[in-house]
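[1] have a look; sequence and predicted model below, questions after that.
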Amino acid sequence: MENLVAWILRAIPFGTIIMFGGMGETLTEKSGNLNLGVPGIMYLGGFAGFASAYFYETSTPNPVPALCVVIALLSCVGAAMLGGLIFSFLTITLRANQNVTGLALTIFGQGVANFFGVRILDGATYSAAPVTYSAFSAKLPGVTEHFGLFGRLVLNYGFLVYAAVILAVALHFFFKRTRTGLNLRAVGESPATADAAGVHVIRYKYLATCIGAGISGIGGLYYVLDYSQGIWATTGQMEALGWLAVALVIFTTWKPLNAIWGAYLFGMLYWLYMFLPDVLGIHVASYMTDLIQMVPYVVTILVLIVASFRKKKENQPPASLGLSYFREER
């Protein structure tokens with residue numbers, strides 16, 4: 001039982017990272033833009049939030065935890081949205097290929113973040129922001145004592161875990177119940193029809209892509225300032241998480257509510273190799289680790305196959321996904 005609890009406690013924070021990335025990409029793709037630069041945007045957001053909090057901590061004798069959170073969040077969202085703006089300008093205004101632009105943004109974001117992470121932050125392989133980490137990972141006091149197992153499994157996380165769930169519900173309501181959300185979906189399905197109906201297609205695409213990038217960037221921030229205990233390290237794991245976020249969008253069939261359980265399922269599948277011996281009694285050889293970590297991607301492929309056979313409209317991607325809009329051709 002204890003090993004199962006430990007498995008869940010590891011899966012939920014891991015799933016939260018890709019949930020933010022997946023929800024941001026879902027918002028982007030609902031407008032018809034396919035942004036494969038999610039890993040790069042998560043790098044930009046994570047580094048900008050960490051660097052701003054790090055400089056505030058090191059330049060202030062008594063840093064205020066709440067101010068650390070505000071500075072980190074604003075810097076993260078700003079940098080991530082800037083990445084989204086670059087992607088939007090290239091693909092919407094200049095009509096560059098979305099796949100190539102997204103891959104270039106991934107390489108750009110990772111390179112910029114790691115370069116400045118090493119050169120500016122003491123020139124070390126890692127630097128830490130302990131006060132900011134404490135603020136982001138703060139938990140309700142006495143949770144375990146008063147709520148037992150429920151408290152450990154549900155109430156024992158930093159505030160961004162609950163913010164991700166609330167955001168998923170809000171996005172579902174936005175897409176289904178608001179005029180703006182319906183207009184955005186119309187832009188993703190048929191921009192020419194939406195344009196003829198008076199919807200400003202370019203504006204919707206820009207806003208959805210930039211705001212979606214900002215949401216994805218928070219996933220990178222959570223990874224650095226909570227999941228990694230406030231340490232910036234020049235590793236490539238965030239890139240893998242970014243690709244998992246893209247896979248999550250497909251796995252959840254572009255539905256924000258599905259991202260909640262889908263992200264946690266991905267988290268459990270990713271860490272399956274660590275808990276197979278204790279939970280299921282299955283011994284895993286060291287060379288099998290990478291194969292087991294591929295399971296989330298395999299599951300995504302299976303979902304694609306099943307969805308293609310069923311051909312249900314609600315499980316298909318937006319009809320204009322990845323296609324540039326030429327107004328003069330409508």
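    On my side now, so go ahead. Numbers count the residues shown, from 1 in each chain.
[2] tell me where the model's unsure across the stretch 201-330 of the chain.
    Within the stretch 201-330 of the chain, the segments meeting pLDDT under 70 span 234-235, 277-288, 307-308, 310-311, 328-330.
[3] in stretch 226-236, what's buried?
    Within stretch 226-236, the residues that count as buried by 16 or more other Cβ atoms under 10 Å are 226-228, 230, 232. Glycine gets a C-beta too; all of them are placed from N, C-alpha and C.
[4] ok, S75 - contacts?
    Residues counted as contacts of S75 (Cβ atoms under 8 Å, 6 or more residues apart in numbering) are 48-49, 51-53.
[5] closest to A194 out of those residues?
    Using Cβ to Cβ, A48 is the member of those that sits closest to A194, with 33.2 Å.
[6] checking that closest one next. Helix, strand or coil?
    helix (DSSP: H, G, I helix; E, B strand; the rest coil).
[7] in the helix or strand L4 falls within, what counts as buried?
    Using DSSP states H and E, the element containing L4 is helix 2-30. Neighbour-count burial for helix 2-30, counted by 16+ other Cβ under 10 Å, picks out 6-8, 10-30.
[8] do the same with stretch 303-318
    Of all the residues in stretch 303-318, those buried under the rule 16+ other Cβ under 10 Å are 303, 307, 315, 317-318.
[9] can you pull the pLDDT of the nearest residue to S137 once chain neighbours are set aside?
    Once flanking residues are discounted, S137 sits nearest to G158: 4.5 Å by Cβ to Cβ, 6 or more residues apart in numbering. As predicted, G158 sits at a pLDDT of 92.
[10] who's in contact with G158?
    So G158 contacts 136-139, 222, 226 (Cβ under 8 Å, 6+ apart).
[11] could you point out which of the buried residues of stretch 303-318 is nearest to L67?
    Distances from L67 to the buried residues of stretch 303-318, taken by Cβ to Cβ, are shortest for P318, at 39.8 Å.
[12] the nearest residue to T93 once chain neighbours are set aside: what's it in contact with?
    In this structure, T93 finds its nearest non-sequential neighbour in I202, 8.0 Å apart by Cβ to Cβ, 6+ apart. Going by Cβ under 8 Å, 6+ apart, I202 touches 92-93, 325.
[13] sketch out the helices for the stretch 151-300 of the chain, chain order is fine.
    Counting by DSSP state H, counting those that start in this stretch, the stretch 151-300 of the chain has these helices, from start to end: 159-177, 179-189, 191-196, 201-222, 237-251, 256-270, 272-275, 289-292, 295-310.
[14] and for the fifth one, what are the contacting residues?
    Contacts made with helix 237-251 from outside it, assessed by Cβ under 8 Å, 6+ apart, are listed as 17-22, 24-26, 29, 36, 38-43, 46, 106, 110, 216, 219-220, 223, 258-259, 262-263, 266, 270, 296-297, 299-300, 303-304, 317.
[15] go with 7 Å
    17-18, 21-22, 25-26, 29, 36, 38-39, 42-43, 46, 110, 216, 219-220, 223, 259, 262-263, 266, 296-297, 299-300, 303-304 (Cβ atoms under 7 Å, 6 or more residues apart in numbering).
[16] same question, the third one
    Outside of helix 191-196, the residues within contact range by Cβ under 7 Å, 6+ apart are 32, 183, 186-187, 201, 320, 325, 327, 330.
[17] hmm, back to that, and which of the contacts of S75 is nearest F116?
    Nearest member of the contacts of S75 to F116, counting by Cβ to Cβ, is A51, at 7.1 Å.
[18] element containing that closest one, please.
    Here A51 is assigned to helix 38-59, by DSSP H and E.
[19] and the next element down the chain from that helix?
    Note on helix 38-59: by DSSP H and E, the next helix or strand toward the C-terminus is helix 65-88.
[20] restricting to C-alpha, output the next helix or strand after that next one in PDB.
    As assigned by DSSP H and E, the chain's next helix or strand after helix 65-88 is helix 98-119. These are the backbone C-alpha positions of helix 98-119, laid out as PDB (Å, rounded to 0.1, in the frame of the first residue of the first chain):
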ATOM      1  CA  GLN A  98       4.100  25.500 -38.700                       C
ATOM      2  CA  ASN A  99       5.900  22.200 -38.200                       C
ATOM      3  CA  VAL A 100       9.400  23.600 -39.100                       C
ATOM      4  CA  THR A 101       8.800  26.800 -37.100                       C
ATOM      5  CA  GLY A 102       7.700  24.900 -34.000                       C
ATOM      6  CA  LEU A 103      10.700  22.600 -34.100                       C
ATOM      7  CA  ALA A 104      13.000  25.600 -34.600                       C
ATOM      8  CA  LEU A 105      11.400  27.200 -31.500                       C
ATOM      9  CA  THR A 106      12.100  24.100 -29.500                       C
ATOM     10  CA  ILE A 107      15.800  24.200 -30.300                       C
ATOM     11  CA  PHE A 108      15.900  28.000 -29.800                       C
ATOM     12  CA  GLY A 109      14.200  27.900 -26.400                       C
ATOM     13  CA  GLN A 110      16.300  25.100 -25.100                       C
ATOM     14  CA  GLY A 111      19.500  26.700 -26.400                       C
ATOM     15  CA  VAL A 112      18.800  30.200 -25.000                       C
ATOM     16  CA  ALA A 113      17.700  28.900 -21.600                       C
ATOM     17  CA  ASN A 114      20.700  26.600 -21.100                       C
ATOM     18  CA  PHE A 115      23.200  29.200 -22.400                       C
ATOM     19  CA  PHE A 116      22.100  31.900 -20.000                       C
ATOM     20  CA  GLY A 117      21.500  29.400 -17.300                       C
ATOM     21  CA  VAL A 118      25.200  28.500 -17.200                       C
ATOM     22  CA  ARG A 119      26.700  31.900 -18.200                       C
END
